[in-house]
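[1] Could you work out the structure for the sequence below:
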Amino acid sequence: MTALGVLKMSDAKILEKVRKLLAMANHENANEHERDTAMRQAHALLTKHGLDMVSVENHQREKIDPRGEFTHEDWSIPWTRGVRSAIAKLFMCDYYYGAKINGTRQYHHFVGRESNATTAEYMSVFVVGSILKEGRSRYGHNLSPETRAFGEGAAARLYQRVEQLISTKIQEVQASDGKGLALIDLRTSEEEGNGEFVKDWKIKKAVSRKTEVNAHAYRAGSEHANSIGLNVQVSTTQAPKQLN
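    Modelled structure (predicted):
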């Protein structure tokens with residue numbers, strides 16, 4: 001059996017395990033600890049999966065783990081986009097937000113390898129829900145000014161943590177087996193591939209608006225983000241953009 005044949009079989013098993021872990025993480029009866037554990041295990045598998053993919057040619061990767069666009073509907077609160085962007089970066093994906101469904105929900109799009117993009121999609125729902133749950137427990141309502149400030153603080157801190165994790169992972173991999181440069185090349189290739197995938201989409205840059213927020217709630221959100229479980233996956237992506 002060829003090396004590629006072994007890799008295909010290995011990847012198929014990895015993707016199946018990831019799907020089962022995601023199902024566990026998003027089961028309605030799972031508690032937060034069980035969800036966090038399942039997400040960590042899925043993330044660890046995908047990290048190894050990414051390392052294995054370093055040795056595979058681009059056209060072969062498309063057959064093993066095809067690139068695609070994965071969409072779900074969820075909260076349209078602006079700070080949730082920052083959370084999704086951070087998680088997309090964690091999993092070598094690009095994140096875009098699409099049309100609104102109503103006053104509180106809209107479509108969200110993750111572009112990347114099937115294994116990474118579906119995991120980012122599931123994890124974003126879990127993390128956003130976790131932040132909202134904590135915000136409600138403190139401030140009484142999803143859409144209160146304090147909960148909004150709490151969410152913005154959490155989103156900003158999550159993005160900082162992701163960037164720190166990326167840098168740390170590169171250093172660890174380089175020190176352990178010297179594959180750091182290969183991983184950088186893989187991330188660059190994935191970023192370019194994701195960009196090529198969406199080149200014909202109607203995308204416009206989001207306009208940032210400065211607003212005053214409750215400083216105490218913002219700091220509380222930032223502190224809460226430190227307790228959200230994140231494992232290490234290295235990648236690069238752009239800030240979120242809007243689909244017409």
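
[2] Show me what the lengthiest helix in the chain is packed against.
    The helix spanning the most residues in the chain, taking DSSP state H as the definition, is helix 145-177. Using 3 or more C-beta pairs under 8 Å, 6 or more residues apart in numbering; DSSP states H and E as the contact criterion, the secondary-structure elements in contact with helix 145-177 are helix 78-90, helix 114-139, helix 180-197, helix 215-225. Quick note: C-beta positions are derived from backbone N, CA and C, even for glycine.

[3] Pick the most buried one from those.
    helix 78-90 (a mean of 25; mean count of other C-beta atoms under 10 Å).

[4] Which residues does that one contact?
    Helix 78-90 is contacted from outside by 74, 94-95, 97, 108, 110, 112, 120, 123-124, 127-128, 131, 148, 151-152, 154-156, 158-159, 161-163, 165-166, 206, 230, 233, 235-237, 239-240, using C-beta atoms under 8 Å, 6 or more residues apart in numbering.

[5] what about stretch 151-171, average pLDDT?
    Averaging pLDDT along stretch 151-171 gives 89.

[6] centre of the chain versus that stretch, how much separation?
    The gap between the average C-alpha position of stretch 151-171 and the chain average comes to 11 Å, counting by C-alpha atoms, centre = their mean, to the nearest Å.

[7] Ok, stretch 25-38 next?
    In terms of C-alpha atoms, centre = their mean, the centre of stretch 25-38 is found 17 Å from the chain centre.

[8] Quick check: buried residues in the longest helix of the chain?
    For helix 145-177, a neighbour-count test (16 or more other C-beta atoms under 10 Å) marks 146-159, 161-162, 165-166, 169-170, 173 as buried.

[9] ok, back up a step: how about a markdown table for the helices and strands packed on helix 145-177, with distance to L46 added?
    Written out in a markdown table, the entries for the helices and strands packed on helix 145-177 read as follows (distance: least, C-beta to C-beta, whole Å):
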| stretch | distance to L46 |
| --- | --- |
| helix 78-90 | 10 |
| helix 114-139 | 6 |
| helix 180-197 | 12 |
| helix 215-225 | 21 |
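
[10] closest one to A44 among those helices?
    Comparing the helices and strands packed on helix 145-177 against A44 with C-beta to C-beta, the closest turns out to be helix 114-139 (11.3 Å).

[11] and that closest one, what other elements does it pack with?
    Using 3+ C-beta pairs under 8 Å, 6+ apart as the contact definition, the elements that helix 114-139 packs against are helix 3-25, helix 32-53, strand 67-75, helix 78-90, strand 105-113, helix 145-177, helix 215-225.

[12] Adding distance to L186 as columns, could you present those in CSV?
    As requested, these are exported to CSV (distance: least, C-beta to C-beta, whole Å):
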stretch, distance to L186
helix 3-25, 15
helix 32-53, 7
strand 67-75, 13
helix 78-90, 14
strand 105-113, 11
helix 145-177, 11
helix 215-225, 27
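
[13] now for those, which one comes closest to S189?
    Proximity to S189, assessed across those by C-beta to C-beta, is greatest for helix 32-53 (9.6 Å).

[14] Find the residue at the geometric middle of the chain.
    Centroid-nearest residue in the chain, with C-alpha atoms, centre = their mean: I87, separated by 2.3 Å.

[15] what's V198 in contact with, if anything?
    Counting by C-beta under 8 Å, 6+ apart, V198 touches 69, 94, 96, 111.

[16] at 10 Å what do you get?
    When contacts are counted by C-beta atoms under 10 Å, 6 or more residues apart in numbering, V198 touches 69, 94, 96, 109, 111, 241, 243.

[17] and G140, backbone torsions?
    The main-chain torsion angles of G140 are listed as degrees, to the nearest 10 and equal phi 90, psi -20.
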